[in-house]
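S.K.: predicted model and sequence below, questions to follow.
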Amino acid sequence: MTDTYQENEWLCDAIINATSEGFWMISTDLVMVDVNNALCRMLGYQRQEMLGKQPFDFVDKENEPIFRHQMANIPHQEHRTYEINMRAKDGSMIPTIFNTSTLRDREGNILGGIAFVTDITDIRKMADSFRQTNQLLELIRHIQSQFILSAEPNKLFTEILNNLLSLTESEYGFIGEVLQTDQGRPYMRTFAITSVAWTQETRDYYNDKSPKAIEFSNVNSLYGRVLTTGQAVISNAPLTDPRSGGLPDGHPPIKTFLGMPFYAGNTVVGMVGIANNPGGYRDEHVEFLQPLMSTCGNIIMAYKGEQLRYQIETSLTIKTRQLEELNAHLEERVRQEIERRGQQEVMLIHQSKLAAMGDMIGAIAHQWRQPLNAIGMIIQDFEDAFTFGELSKDYIDTNIKRGMEIIYDMSKTIDDFRNFFRADREMVDFDLIDTVRKVISLVSDQLRHNYINITVDGNGLTRLITNGLPNEFKQVMLNVIGNARDAILQRRERGDMGKEKGLISIKASIEADSALLRISDNGGGIDDNVINRIFDPYFTTKQADKGTGIGLHMSKIIIEEHMSGYIGVENITNGAMFTIELKCKESV
């Protein structure tokens, strides 16, 4: 009998020590009478160091009330599961889950309790990582929404900075735009900065500058290394770091520092600097924050695009006003001539004036018809390209110069052109066929110049009404027609067309309760290996300086998300065909 008991006791000990879960047994007077090897390894103790001790000696003091409550439940609740932070021998805290049971003898008398202890440190880390990733993605989604809603740059980047400090447990920081002096030296102008004022003088300086920009140009510093190298800088000992340029007297201490650049293409357009994470910064922070850095780079370029577009529109407004003033002055001169001369002479002058104005308007209309379309494409390309960071300085300078040169030749149709690119505020009913013809009127001269014929076939329909955003729909049509034009020109350059003339065909029809537009061309079609990616963001089949890969992606968003429709593409003989399907409200 004794041998059997000893053998069973040995077997039980072997099983308990073989498990990867921690195990302990306590007596009714709350003294530890047994622990397994896994629990000893978990807490860093030897077995003899734990036996005879109370379990409270190994529990985090903040969790002790919870633990005492669970101990008190031993006589009343047979099985219990709860989370407790245990304290290891080195003082570190280990999050665990306790699965406990009341231990009784054959007669039901309580002998004590046993517990299996699971270390959930890795689970907690995974949960924290998942939570941080969700917070980062939510932040990116939020700032993109705020940008779409035209939030002010300083306000938007201040919100980004505050969230970034929270995500990284940092004390203070800044976000800024990277610029260059006339001599080509980089410097930074802040969009957002945490005040670290330490004297009345610096307090007044921050108050005076906020929310204005503050410029930093000391390249012999930690942030200066980001400006000059275009790479992330991590320093967890700034006081002894040779890259650091020191701090002004009285400046609050910088204990740890992380600086990261924003890129647009291959160009550094901005940077962020954050400081004083208690545990220091690591390469994992750089990798984790990279999506946010890319978003910030895109937003900076988008704001630059908005500034450029505003400058162009302002210039157009000034030129239009000058033309109106010229007409007003001419009218005043005619009035003075009417007063000075007789009726017959007045009539001659008036007729002369009308003829001169007619010639002028005719000349302007002839001269501006094609440049008007060109400016439309320039503005659209600038907006897309700035947003997604695919512009070079030479490209910007060349196109600004080109745009400013042709502005002087604009006509009164400039108001229609500006309205064309004004964002729709609400869904309205509009005629698809009429809207398509308006778009064609803007590009027809350009297509004729390139020997491309464009036709519209309504299949007997004169009106095809849908509900949506007409101006955004026009942008979709411009994108699709522009891609068809480029495909035809590329095919012609390859010598594949022979004497065949370029052709773009737009056919309207009704199927069930849907309005369909099919836009086909003879541009040679799309490579079967990439046709399924044609609507992906940043994907383009054009040369790097001729396509951003954004136009068709935005077209898909407009049709399918904004207007609850469908847009697709397929290859046909000698070309490609885009199909747009929208809800039909009325047709005639």
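M.R.: Yes, it's here.
S.K.: what's around Asn467, how many residues?
M.R.: Asn467: 16 surrounding residues under other CB atoms under 10 Å. For the C-beta atoms, the positions are set from N, CA and C on the backbone; glycine is no exception.
S.K.: if you could redo that for Glu83, that was the one I meant.
M.R.: 13.
S.K.: can you check Arg141 too?
M.R.: When neighbours are defined as other CB under 10 Å, Arg141 has 11 of them.
S.K.: state the next helix or strand along the chain beyond the helix or strand it falls within.
M.R.: Arg141 is part of helix 121-148 when elements are defined by DSSP states H and E. For helix 121-148, the following helix or strand on the C-terminal side (DSSP H and E) is helix 153-168.
S.K.: what's that following helix packed up against?
M.R.: helix 121-148, strand 172-180, strand 186-193, strand 267-275, helix 283-340 (3 or more CB pairs under 8 Å, 6 or more residues apart in numbering; DSSP states H and E).
S.K.: quick one: closest of those to Asn85.
M.R.: Asn85 lies closest to helix 121-148 among these, at 10.1 Å (CB to CB).
S.K.: now the closest one, how far from the chain's geometric center?
M.R.: Relative to its parent chain, helix 121-148 has a centroid offset of 14 Å by CA atoms, centre = their mean, to the nearest Å.
S.K.: from now on call the first residue 490
M.R.: Will do, 490 is the new start, and the previous item becomes helix 610-637.
S.K.: residues touching the nearest residue to Pro780 once chain neighbours are set aside, list them.
M.R.: What sits nearest to Pro780 in space, not counting adjacent residues and going by CB to CB, 6 or more residues apart in numbering, is Ile629, at 6.2 Å. Residues in contact with Ile629 (CB atoms under 8 Å, 6 or more residues apart in numbering) are Pro780, Leu781, Thr784.
S.K.: surely the second one meets Thr657?
M.R.: Okay, so that is Leu781. No. Using CB atoms under 8 Å, Leu781 and Thr657 do not qualify as a contacting pair, with a distance of 10.5 Å.
S.K.: count of neighbours near Thr508?
M.R.: 12.
S.K.: in this structure it contacts Asn525, no?
M.R.: Yes. Here Thr508 reaches Asn525: they are 6.9 Å apart, a contact under CB under 8 Å.
S.K.: out of the helices and strands packed on helix 642-657, which one sits most buried?
M.R.: Most buried of these by mean neighbour count (mean count of other CB atoms under 10 Å) is strand 756-764; its value is a mean of 23.
S.K.: quick one: residues in contact with that strand.
M.R.: So strand 756-764 is in contact with 650, 653-654, 657, 659-667, 675, 677, 680, 711-712, 715-716, 719, 743-752, 770, 782, 785-786, 789-790, 878, 881-882, going by CB under 8 Å, 6+ apart.
S.K.: that strand vs helix 772-829, what angle?
M.R.: 120 degrees (axes from the mean of the first three to the mean of the last three CA atoms, to 10 degrees).
S.K.: now strand 756-764: how far from the chain's centre is it?
M.R.: Centroid separation between strand 756-764 and its chain, computed with CA atoms, centre = their mean, is 16 Å.
S.K.: and the angle from that strand to strand 675-682?
M.R.: Using the same axes, to 10 degrees: strand 756-764 against strand 675-682 is 50 degrees.
S.K.: what mean pLDDT does strand 756-764 have?
M.R.: Averaged over strand 756-764, pLDDT sits at 90.
S.K.: in the chain, which strand is the longest?
M.R.: Assignment by DSSP state E gives strand 582-593 as the longest strand of the chain.
S.K.: ok, Ile632 touching Ile649?
M.R.: Yes. Between Ile632 and Ile649 there is a contact under CB under 8 Å: 5.7 Å.
S.K.: if we can go back for a sec, the longest strand of the chain packs against which elements?
M.R.: Using 3+ CB pairs under 8 Å, 6+ apart: strand 582-593 touches helix 526-532, strand 568-576, strand 599-608, helix 610-637.
S.K.: please repeat the previous calculation with a cut-off of 6 Å.
M.R.: Helices and strands touching strand 582-593, by 3 or more CB pairs under 6 Å, 6 or more residues apart in numbering; DSSP states H and E, are strand 568-576, strand 599-608.
S.K.: can you lay out the ones you listed as TSV showing distance to Leu992 and mean pLDDT?
M.R.: What follows is the helices and strands packed on strand 582-593, written out as TSV (distance: least, CB to CB, whole Å; pLDDT from 0 to 100):
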stretch	distance to Leu992	mean pLDDT
strand 568-576	71	88
strand 599-608	71	89
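S.K.: any regions of the stretch 740-889 of the chain where pLDDT drops low?
M.R.: Scanning the stretch 740-889 of the chain for pLDDT under 70 picks out 820, 823, 826-861, 863, 870-874, 877-880, 883-884.
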